[in-house]
Every structure is written in structure tokens, then in C-alpha cells.
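Asks: starting from these lines, generate the structure:
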Amino acid sequence: MQVIIMQNKRNKIIHKAISGFIATAGLTCAEKHNIGGQAVIEGVMMRSRRFWAVAVRKPDKTIAINVFKQISLMNRNKIMGFPFIRGVTALVENLSLGFRALSYSVNESTGEEIKFSNKQMGISVAIALIFVVGVFFVLPTVIGRSFSAMMPNSIVYNLLEGLIRIAF
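Replies: Alright, predicted model coming up:
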């Protein structure tokens, strides 16, 4: 299997990011690194605090790897770091990053260039947020309230609603 490293204008940043991702895989690394990721079409996306990378299998069975610099809104704007706003900002940033990684993987895995406009990405993020809020907040509350008449007190009701949230 051949690995292709796609390079952009920031060759040094790409090298440092790749070195950082490789260094975090070692057991002797003394620093704590927060790294997460998600599956994308024919590949994987990994994210650290400052970089994110996507590795995708191309139609010719090679693997394309690209590394991007990530600057969080919370680091650029102090207001975005406040507790409630920080959570909402992180959710929107991660949804947006997930969509970008998915669109990159679609482009690489199909061999075609499919470009999404900012409006299309915004609509996709809005639909995803509506879906998440509906499934994980509204639906458990509606189901829990349908059983509220049978609950002897609020503690049992809250436990039931929590179990419903876990089930979803």
C-alpha cells in the first residue's frame, strides 16, 4: 500500500503536525495530548488542539493524507470561552469540521471534485443541530412526559427521563 502525503503552502506545519500525531502514538510520550477523531468515507479524520488530518483511500487504492491547521474560535475570541457559550461553540465547530472532513473524503474517495458552498454547509449544520436536539433532548422529554402521570414523584420521573436519554 502506498501513502501519498498531499502538501500545501505550509509544508513545515504539515511536517510538524504529522510528527505530532506520530509522537502521540508512542508509549514514551510524557505530554498529555487530547486527540479525537471520526470515521469518514473510506478513511479517518483525527483532530488535536491545533491540527486536524484526514487519511482517505483513493480509487487507485493509494491513501491520501492531508493535514490542516485548526484555530478555534475560543482561542480567537475571549467571549467564546465563557462556560455556556464555549459548549455551543465547540459543538458548532466540531459539526463544521466533521462536514469538512466528510466532504474532503467524498472528493478523494470518488476522484471527483464536489464543492459545497458556505450556504450549503450552513444548512447542513443547521439540519444536524435540529436532528441532535430533537433526538437527544425533545424526544426523551416527550416520552418521559407521557409517563409522568404514572410517576410517584419528580425523582423517579427524572431517573426515567435520564434512562430514556441514555437509550437514545
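Asks: can you name the next helix or strand after the helix or strand where residue 102 lies?
Replies: Residue 102 is part of helix 83-110 when elements are defined by DSSP states H and E. Per DSSP H and E, the first helix or strand lying C-terminal to helix 83-110 is helix 118-133.
Asks: who touches that next one?
Replies: Outside helix 118-133, the residues that touch it by C-beta atoms under 8 Å, 6 or more residues apart in numbering are 91-92, 95-96, 99-100, 116. Placement of C-beta: from N, CA and C, glycine included.
Asks: which residue is most remote from the mean position of the protein?
Replies: Largest separation from the mean C-alpha position in the chain: residue 152, at 40.3 Å (C-alpha atoms, centre = their mean).
Asks: any idea how far it is from residue 160?
Replies: 11 Å (C-beta to C-beta, to the nearest Å).
Asks: likewise residue 97?
Replies: Computed with C-beta to C-beta, the distance linking residue 97 and residue 160 is 35 Å.
Asks: likewise for residue 84?
Replies: Remark: distance between residue 84 and residue 160 (C-beta to C-beta) = 26 Å.
Asks: what does residue 110 give?
Replies: Distance of residue 110 to residue 160, computed by C-beta to C-beta: 46 Å.
Asks: any regions of the chain where pLDDT drops low?
Replies: Along the chain, the model assigns pLDDT under 70 to residues 1-31.
Asks: and if we set it to 80?
Replies: For the chain, the stretches flagged by pLDDT under 80 are 1-34, 74-75, 81, 114, 116, 121, 125, 148-149, 168.
Asks: circling back to that earlier point, what helices or strands is the helix holding residue 102 leaning on?
Replies: strand 36-40, strand 43-47, strand 51-57, helix 73-76, helix 118-133 (3 or more C-beta pairs under 8 Å, 6 or more residues apart in numbering; DSSP states H and E).
Asks: angle of the first one against strand 43-47?
Replies: Put simply, strand 36-40 runs at 160 degrees to strand 43-47, going by axes from the mean of the first three to the mean of the last three C-alpha atoms, to 10 degrees.
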